[in-house]
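Trainee: Output the structure for:
(chains A and B)
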There are 2 protein chains.
Amino acid sequence: MDNRPAGGPMFRNRMPRYEVLSEDAMAALDKGWRRLVTEIGVEFLDPRALDLFRDAGQRVEDNTVFLDPDFVLAQVAKAPSEFDVQARNPEHSIHIGGDAMAFGAVYGPPFVREGEVRRDATMEDFRSFTKLAQSFPALDSAGGVICEPSDTPLDSRHLDMTYALQTLTDKVYMGNVVSGINAADTLAMTSILFGSREAIEETPATISLINCNSPLRWDDRMLEAQFEYSAAGQPVVLTPFILMGAMSPVTIPAALVQQITEALSGIALSQLIRPGTPVIFGSFLSNIDMQSGSPTFGTPESGLGLLCTGQIARHFGLPFRTGGGLTSSQVADAQAGYEALMTMMPTFLAGANWVMHSAGWLEGGLVAGYEKFIVDVELLQMLQVEFTPLEIDEDSLAFGAHAEVGHGGHFLGAMHTMERFRTCFYRPLLSSSENYERWMRNGGKDAADRAGEIYKKRLEEYEPPPLDDAVRAELEEYVIRRRKELGD
Amino acid sequence: MDNRPAGGPMFRNRMPRYEVLSEDAMAALDKGWRRLVTEIGVEFLDPRALDLFRDAGQRVEDNTVFLDPDFVLAQVAKAPSEFDVQARNPEHSIHIGGDAMAFGAVYGPPFVREGEVRRDATMEDFRSFTKLAQSFPALDSAGGVICEPSDTPLDSRHLDMTYALQTLTDKVYMGNVVSGINAADTLAMTSILFGSREAIEETPATISLINCNSPLRWDDRMLEAQFEYSAAGQPVVLTPFILMGAMSPVTIPAALVQQITEALSGIALSQLIRPGTPVIFGSFLSNIDMQSGSPTFGTPESGLGLLCTGQIARHFGLPFRTGGGLTSSQVADAQAGYEALMTMMPTFLAGANWVMHSAGWLEGGLVAGYEKFIVDVELLQMLQVEFTPLEIDEDSLAFGAHAEVGHGGHFLGAMHTMERFRTCFYRPLLSSSENYERWMRNGGKDAADRAGEIYKKRLEEYEPPPLDDAVRAELEEYVIRRRKELGD
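Mentor: Have a look, this model is predicted:
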């Protein structure tokens, strides 16, 4: 079952936020990032960025910008605390910020797994995952690079991916950030889909992920993309990419201070590029295994860091991105289930506004897993129900049902039950509560086996959302022309 | 790795509580239970209970007691808000209430599962699970009926189980509640272990589970056991047993009102039996699948109910029991992983004081699972780390590490890292972060396979805690004598 009707409103988290930092703790973190931007500074590997900061009165030495914390806050204050992002189907447009939570699929894996098979991702996989994301109302976006299609030419791959996202879904999609050229192509194709560049500058139509090369360095290619998107008024997610122990100190407070420093410095740059352009405070925060050096996910440290991140972003009045269904597991097993939830429940407790990697993440992000995609959609659906406040009124208190049933009886046939039995409880997509005998009769399938059946059925049943023929033709023409120009 | 040293202090949850009920909501629930006790009343199928309530001025008709809400609150006020329970190894004694959280293994399954095999539980299984509970510091108790040993005579089974709990662990154990006779035997054996009846009346040494036959009925056999334990000053967990849709109305607020009514009425009885005797506000709250009638666990509704339960228990100033690693799954798969955590994380957010079913619960509680036991211990260990507040100070802010590493470097060799790398992050018991190649070389084992290896190794390495020979002899003598008297 889908928990939300197709085309229904996006999820709003009206439950309380779980806040774990005291005022003193927040003050200590504040002191920390102020010291870091001032004394260590942040590297920007793009002369245009350095010029903007220098012109704004900041001290620049080589590639390092030493920032005045109050200047940073003044830039941050120019960013909107909430904004809309339009989808080509207006029913799928989303809001970013406040109590709105939007969910996108996994982003970036070079490999896919279906069942026992792990292999290089292909364009066909990319399309399949895009279709799955379209088919589940719990997801607001297919994301961007759901997997890296290794069977398409590298230089023009972004055109194929963007075209697939634009045509196979009618939901919000992410912009390509491999280079400034890719970003410009994404903007051009988005302008075609939404009618004009003006239309998307008026209300943004892409979200793009700009990762920091943590610690404290913004790389040239990412900055190129940021310049394109911010200049066009498209939101960018400025994301410190921190595996504690490798890209930050091993202590969570130090990682949080670094995260603030990096995110705010990137946000300040966006505001210098175009004051008022929308931004999202990004966080990708986990840790490595100090014995092996492997990245680990769904850890206690990442959960705690995630809860703090929400509070920090609110402290700066910014919408934020964190969370997902992260796991180190190779397959959709018990570990994948609990690690995904160990990240996803704090994501809801923190009230993250833009949640990447919400479905399909496996093997530390190296693999897009088909079965795992279904596990994650189940988690999303459950949490969207769980984080909906109770309605307490005469009707839900059901005194009449007690008067009807009395002591030691059962409520199965009570009037109050009969009126509500179809919709009263969440109906699972994947979870089984079959008893042993029935479960055995049905083949004794574990959750991964059942998830395999579900995604295949969903793909069979997939129907593409309608798209104007002229627009489709213009997009195709663009892809063909640009592929030629790029030499593929 | 174990997250806590053997013999270390019990877990204290010093993180904030996640409170989801507004004042208005709590007032509505308050109004609800007051109406229920007054107008519908509660059945007590024991003439002694009816006499006690009648003598205390409550209206009794047939087996139903119509309670004055203020009388109920006056009784509840006599119960201690916190108390200690002693273990025979003082290092394993526990505190119930406040920020203390104690964890016991699964309770009640007639079946066990190891790998592909599901079969009737035996006394040997009971001993094995008891040994596992002893071996993990994350668990404070083996619980009570970890599984129902079907190969021992029914009438004297409680003697064998109690003896195993007393000798194979030196942690707190639960009392048998099948009948008043069984309770009396448990008390006699506990008096032997702790030296005298006075010694356990001074500081209790058992905890016993008294389940309500919901809705609104306390059965004769459970009440017999309650009379024994409360008279001896041993804590009882008065637990409404509610699967919404069957034992309560389908709406969560109605289930909460019923839960308050049942728990408080049972607690009032305990205080009439022996004023001041320790009690625990119990909750076992989930729902059925309205299509099949099957019980379901780890549901959004149960999670939300659990969060409310904590707040309600605090409202009445009582320690409370809820939570566990509940799941409907047949095997230790992804569903088992996420459903267990879907219950266990709210358990920590609510700050439950006594957590039954913390390890080994499978198949809706019908099965004690060996692999699932290990999955659950991993979850417990992770959550005990995650729910430990951050220490934010100069040292953890690690400015020096940033000064050392600078921009774009890594922290693997930094002084700050070197000083902390052994203990800085949680080290998993079960979770793997091996890369694909290494994981394949090591056999490509999923979490359930690895859990199977872990529990077998733990059982091999098990060492019984020391016990005085004279005490052991006296316990054995008691078991032999009583078995004869009971005709087995």
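
Trainee: What separation is there between residue A:120 and residue A:163?
Mentor: 21 Å (Cβ to Cβ, to the nearest Å). Where you see a C-beta, it was placed from the backbone N, CA and C, and this is true even at glycine.

Trainee: ok, the two, which is more surrounded?
Mentor: residue A:163 (17 against 13; other Cβ atoms under 10 Å in any protein chain shown).

Trainee: Helix or strand: which one has that one?
Mentor: Element membership for residue A:163, per DSSP states H and E: helix A:157-168.

Trainee: for residue A:308, same thing?
Mentor: Going by DSSP H and E, residue A:308 is part of helix A:300-315.

Trainee: so what does that helix touch, helix or strand wise?
Mentor: helix A:23-35, helix A:252-273, strand A:279-282, strand A:284-288, strand A:320-321, helix A:334-350, helix B:370-386 (3 or more Cβ pairs under 8 Å, 6 or more residues apart in numbering or on different chains; DSSP states H and E).

Trainee: Output the ones you listed in CSV; the columns should cover distance to residue B:185, mean pLDDT and mean neighbour count.
Mentor: Output for the helices and strands packed on helix A:300-315, formatted as CSV (distance: least, Cβ to Cβ, whole Å; pLDDT from 0 to 100; neighbours: other Cβ atoms under 10 Å in any protein chain shown):
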stretch, distance to residue B:185, mean pLDDT, mean neighbour count
helix A:23-35, 52, 97, 17
helix A:252-273, 50, 98, 27
strand A:279-282, 62, 98, 30
strand A:284-288, 50, 97, 26
strand A:320-321, 58, 98, 28
helix A:334-350, 38, 98, 29
helix B:370-386, 27, 98, 27
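
Trainee: Look up how far residue A:249 lies from the residue lying closest to residue A:487 once chain neighbours are set aside.
Mentor: Distances taken as Cβ to Cβ, 6 or more residues apart in numbering or on different chains place residue A:155 nearest to residue A:487, at 6.5 Å, with adjacent residues excluded. Look at residue A:155 and residue A:249: by Cβ to Cβ, they are 38 Å apart.

Trainee: Same check on residue A:297?
Mentor: 19 Å.

Trainee: ok so, going back, residue A:155 and residue A:249: which has the busier surroundings?
Mentor: Neighbour totals were compared for residue A:155 and residue A:249, and residue A:249 leads with 29 against 17 (other Cβ under 10 Å).

Trainee: circling back to that earlier point, could you redo the helices and strands packed on helix A:300-315 as JSON lines and give each row distance to residue B:171?
Mentor: Converted to JSON lines, the helices and strands packed on helix A:300-315 look like this (distance: least, Cβ to Cβ, whole Å):
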{"stretch": "helix A:23-35", "distance to residue B:171": "35"}
{"stretch": "helix A:252-273", "distance to residue B:171": "32"}
{"stretch": "strand A:279-282", "distance to residue B:171": "45"}
{"stretch": "strand A:284-288", "distance to residue B:171": "32"}
{"stretch": "strand A:320-321", "distance to residue B:171": "43"}
{"stretch": "helix A:334-350", "distance to residue B:171": "25"}
{"stretch": "helix B:370-386", "distance to residue B:171": "14"}
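
Trainee: Out of those, flag the one nearest residue A:111.
Mentor: Shortest distance between residue A:111 and the helices and strands packed on helix A:300-315, using Cβ to Cβ, is found for helix A:334-350: 15.0 Å.

Trainee: Just give me how far the closest one sits from the chain centre.
Mentor: Distance of helix A:334-350 from the chain centroid (Cα atoms, centre = their mean, to the nearest Å) equals 14 Å.

Trainee: Sticking with residue A:208, tell me its helix or strand.
Mentor: Applying DSSP H and E, one finds residue A:208 within strand A:206-211.

Trainee: Can you give me the buried ones in that strand?
Mentor: A:206-211 (16 or more other Cβ atoms under 10 Å in any protein chain shown).

Trainee: part of a strand, is residue A:60?
Mentor: Yes. Residue A:60 forms part of a strand when assessed by DSSP: H, G, I helix; E, B strand; the rest coil.

Trainee: so it bridges to which residues?
Mentor: Judged by DSSP bridges, the bridge partners of residue A:60 are residue A:65.

Trainee: same question, residue A:103
Mentor: residue A:355.

Trainee: neighbours of it, just the number please.
Mentor: 31.

Trainee: what do you get for residue A:95?
Mentor: Neighbours of residue A:95 (other Cβ under 10 Å): 18.

Trainee: mind checking how far the nearest residue to it once chain neighbours are set aside is from residue B:376?
Mentor: With sequence-adjacent residues excluded and distances taken as Cβ to Cβ, 6+ apart, residue A:95 is closest to residue A:84, at 5.5 Å. To residue B:376, residue A:84 is 43 Å away according to Cβ to Cβ.

Trainee: Can you tell me the SS state at the residue nearest to residue A:307 when sequence neighbours are not counted?
Mentor: Excluding its sequence neighbours, the residue lying closest to residue A:307 (Cβ to Cβ, 6+ apart) is residue A:20, at 4.9 Å. What three-state DSSP gives for residue A:20 is coil.

Trainee: Relative to residue A:176, how far out is residue A:20?
Mentor: Counting by Cβ to Cβ, the gap from residue A:20 to residue A:176 is 36 Å.

Trainee: higher neighbour count, those two?
Mentor: residue A:176 (26 against 20).

Trainee: quick one: contacts for the more buried one?
Mentor: A:144-145, A:158, A:161-162, A:182-183, A:185-186, A:208, A:225 (Cβ atoms under 8 Å, 6 or more residues apart in numbering or on different chains).

Trainee: again, but for residue A:207
Mentor: A:85, A:96, A:141, A:172, A:174-175, A:234-237, A:280, A:354.

Trainee: Test my guess that residue A:127 contacts residue A:168.
Mentor: Yes. Contact criterion Cβ atoms under 8 Å: residue A:127 and residue A:168 qualify, at 6.1 Å.

Trainee: List the buried residues in the helix holding residue A:308.
Mentor: Buried-residue list, helix A:300-315, by 16+ other Cβ under 10 Å: A:300-314.

Trainee: Pull the number of nearby residues for residue A:226.
Mentor: By other Cβ under 10 Å, neighbour count at residue A:226 equals 25.

Trainee: For residue B:150, state which of the buried residues of strand A:206-211 is nearest.
Mentor: For those, the nearest to residue B:150 is residue A:209 (56.6 Å; Cβ to Cβ).

Trainee: how about the nearest residue to the residue of chain A found nearest chain B, chain neighbours excluded?
Mentor: Residue nearest to chain B within chain A: residue A:337 (3.1 Å; Cβ to the nearest Cβ). Spatial nearest neighbour of residue A:337, excluding adjacent residues (Cβ to Cβ, 6+ apart): residue B:337 at 3.1 Å.

Trainee: need the contact list for the one you found.
Mentor: A:333-338, A:341, B:375, B:447.

Trainee: same deal with residue A:379?
Mentor: Counting by Cβ under 8 Å, 6+ apart, residue A:379 has contacts A:325, A:340-341, A:344, B:338.

Trainee: now do residue A:341
Mentor: Per Cβ under 8 Å, 6+ apart, neighbours of residue A:341: A:298, A:325, A:379, B:337-338, B:341-342, B:345.

Trainee: I figured residue A:479 hits residue A:160, correct?
Mentor: Yes. Taking contacts as Cβ under 8 Å, residue A:479 lies within contact range of residue A:160: 7.1 Å.

Trainee: List the contacts of residue A:392.
Mentor: Neighbours of residue A:392 in contact, by Cβ under 8 Å, 6+ apart: B:24-25, B:28-29, B:253.

Trainee: hmm, try it at 10 Å
Mentor: B:21-22, B:24-29, B:32, B:251-254, B:256-257, B:308 (Cβ atoms under 10 Å, 6 or more residues apart in numbering or on different chains).

Trainee: and what of residue A:253?
Mentor: A:21, A:25, A:28-29, A:32, A:305, A:308, B:390-398.

Trainee: and which of these is nearest residue B:470?
Mentor: For those, the nearest to residue B:470 is residue B:391 (46.9 Å; Cβ to Cβ).
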